[in-house]
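Colleague: got a structure for you, letters missing:
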């Protein structure tokens, strides 16, 4: 009943505002406001802001914040009716769901021009961007994928050779682990175990999701503080043994610029990694509503999304925005990656975090 109530609450507080296309009337109204303030979890907002200012002559105040900082700042400002962001680009959907969506601090806005373009399942709350983290290995000595099934990572042959960003350091990693304990993913993990070993999984935990997490962590998993550092540790050449990690797909661009050996493994069963959303939503007390609407629409166009689309591993919710020539669309990744369920995360992440703390301490 609690989950049903949460969904009902979300639907009530996220009623879509009247949306105006980027027609002259909206542009004129936005220019009268003359300014827009955005809080973002991505630093590339600065380049988009410069382009928007140049196009429309509207000043942008863009602030790059970490997940937790953004959530706490918006909560404090909107609850206190303090002028702050007009809209935000935020991630960590479990916390965002419980601390920003449910209290009504954020308001969904979908531009008219995007209602028939962006897939309906990405519109409420409106998703700005998808980012993926996948299993990537050092391919200096081996040019074919080194694992086919995630249960291999619990075996002695991979002990101490796998890296993953500490879930205490980044909410999306904790979200990924939490999703593995869901009925859908625990069932997939149990099936994958049976297919790989030819026998039933004997549980020592609640379900196959918890079981995989336990064995994964207790097999010498190396927890890092940065996906960039992990990509360098995995990809450095001359290592005596092949290493791998689960980190952002965009780091494969370092293969050339940093002389690393990095190759993704997109066909690992039952998942090759995970994909998480960044939402784009107006604040309840937005001061510059028209400028916010205009900037949101701009960011959902190929021009506005260009600071993000120049690399692999970054995907607009607008399927008409081109992706990097060396990448695949979201539709390719959907059956291969774990996606987030905000309501499930809000209800269950604390339990999974407590579980991870327990097994990490051993």
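Modeller: Perfect, thanks for sending it. Computed from a predicted model, the values in this text were never measured in an experiment.

Colleague: C-alpha only now, for contacts and for neighbours.
Modeller: Will do.

Colleague: so, low pLDDT: which residues of the chain?
Modeller: 1-22, 361-362 (pLDDT under 70).

Colleague: swap in 90 and give it another go.
Modeller: Scanning the chain for pLDDT under 90 picks out the ranges 1-23, 67, 255-256, 310-311, 325-326, 360-362.

Colleague: please, where are all the helices along it?
Modeller: 2-13, 24-33, 45-56, 67-79, 93-96, 171-180, 183-197, 208-217, 227-235, 254-257, 289-299, 302-309, 330-333, 342-360 (DSSP state H).

Colleague: for these, which one sits closest to residue 139?
Modeller: helix 227-235 (8.0 Å; Cα to Cα).

Colleague: which helices and strands sit right next to the closest one?
Modeller: strand 162-165, strand 244-248 (3 or more Cα pairs under 8 Å, 6 or more residues apart in numbering; DSSP states H and E).

Colleague: how far does the first one sit from its chain's centre?
Modeller: Just to be clear, that refers to strand 162-165. Offset of strand 162-165 from its chain centre (Cα atoms, centre = their mean, to the nearest Å): 17 Å.

Colleague: just stretch 331-347 next, same as before
Modeller: On Cα atoms, centre = their mean, the centre of stretch 331-347 falls 9 Å from the chain's centre.

Colleague: likewise stretch 224-244?
Modeller: 22 Å.

Colleague: what's the local residue count around the residue nearest to residue 188 when sequence neighbours are not counted?
Modeller: Nearest non-adjacent residue to residue 188, counting by Cα to Cα, 6 or more residues apart in numbering: residue 270, 6.3 Å away. Counted with other Cα atoms under 10 Å, residues neighbouring residue 270 total 22.

Colleague: residue 270 reaches residue 149, doesn't it?
Modeller: Yes - applying Cα atoms under 8 Å, one finds residue 270 in contact with residue 149, separated by 6.8 Å.

Colleague: shared neighbours, the two?
Modeller: residue 192 (Cα atoms under 8 Å, 6 or more residues apart in numbering).

Colleague: quick check: domain ranges of the chain?
Modeller: The chain breaks down into these domains under automatic domain parsing: 2-130+276-340, 131-274+350-360.

Colleague: what's the burial count for residue 32?
Modeller: 13.

Colleague: and residue 41, what does it touch?
Modeller: 64, 65, 66, 67, 70, 89, 90, 91.

Colleague: ok, residue 30 touching residue 295?
Modeller: No - Residue 30 is beyond contact range of residue 295, at 9.2 Å (criterion: Cα under 8 Å).

Colleague: which ones are touching residue 100?
Modeller: By Cα under 8 Å, 6+ apart, the neighbours of residue 100 are 71, 74, 75, 106.

Colleague: I meant residue 46, not that one.
Modeller: residue 62 are the contacts of residue 46 under Cα under 8 Å, 6+ apart.

Colleague: distance of residue 106 from residue 308?
Modeller: Here residue 106 is placed at a distance of 23 Å from residue 308 (Cα to Cα, to the nearest Å).
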